[in-house]
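>>> build the 3D model from these lines:
(one chain, ligands or ions: 2)
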Amino acid sequence: MNRKDLKQEKTCVLIKPDGVKRGLIGEIIKRIEQRGLKIIALQMIWATKDQIDRHYPKDKEYIRQLGEKTLANYKKYGFDAKKELGTDDVFEIGKMVRGWLIDYLTSGPVVKMVVSGIHAIGMVRKIVGQTMPSQAEMGTIRGDFSVDDATAANREKRSIRNIIHASGNEKEAEHEISFWFSPEEIHDYKRAEEDIMF
Ligand code: GDP
Ligand code: MG
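Ligands and ions are numbered 1, 2, ... in the order given. So this is what the prediction gives:
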């Protein structure tokens, strides 16, 4: 990676329907921009189930991870996954959670964007905070604006409402950016602070 590329790492952000409906678009954009990260593409859309299905990874590993996290949570709080969900198979549970996620992301409009900057992928994940709002640090978007937890969400057979999506790694970022945006919709420009901040 040359010096220019390092400053232009790209990541994909979606403000989820709960974030949009709660009027948090401005707050989220503010936090990304104030860190010195640059928004280079932005649009509101009402996604279809097929689009969200293609947005999230479909590989066995991702689905297994989703299932494992959910199952671990059931154990932690002493709930019986088999009784509540009809199965304790990690893969089946992963598929179930992924289905809830598709319903959630199509329940209203989302704001999609591409963010660029130094370590943009990790930096945005830091600003966003961890998946479970009830465990997310104060000062993060999820920690400051949401309270949901897997125990409540799973019992109601819905996705955890955590306001925002951000690519988890380079592979996800590449896939999501090219999936949601055509090259002409991504803009290269210089922010005024660039010469001073980094
Ligand atoms: P993220 O990268 O932090 O968004 O987390 P993941 O990629 O692991 O999961 C995608 C989304 O699925 C999360 O943002 C949540 O909305 C939802 N989700 C993840 N784990 C669980 C879970 O255990 N239960 C429920 N109900 N939803 C979950
Ligand atoms: Mg993820």
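>>> after the helix or strand of the chain at the bottom of the mean pLDDT ranking, heading C-terminal, what element do we hit next?
Taking mean pLDDT, DSSP states H and E as the measure, the chain has helix 3-6 as its least confident helix or strand, at a mean of 70. Toward the C-terminus, helix 3-6 is succeeded by strand 9-15 as the next helix or strand (DSSP states H and E).
>>> is any part of that next one close to ligand 1?
No. Applying C-beta under 6 Å from any ligand atom, one finds strand 9-15 separated from ligand 1 by no less than 9.5 Å. From N, CA and C alone the C-beta is placed, and that goes for glycine too.
>>> and that strand, what other elements does it pack with?
helix 25-34, strand 110-117, helix 120-128, strand 164-166, helix 170-180 (3 or more C-beta pairs under 8 Å, 6 or more residues apart in numbering; DSSP states H and E).
>>> do that again at 10 Å, thanks
helix 25-34, strand 38-45, helix 49-55, strand 110-117, helix 120-128, strand 164-166, helix 170-180 (3 or more C-beta pairs under 10 Å, 6 or more residues apart in numbering; DSSP states H and E).
>>> ok, which of those comes nearest ligand 1?
Across those, ligand 1 has its closest neighbour in strand 164-166 (5.4 Å, C-beta to the nearest ligand atom).
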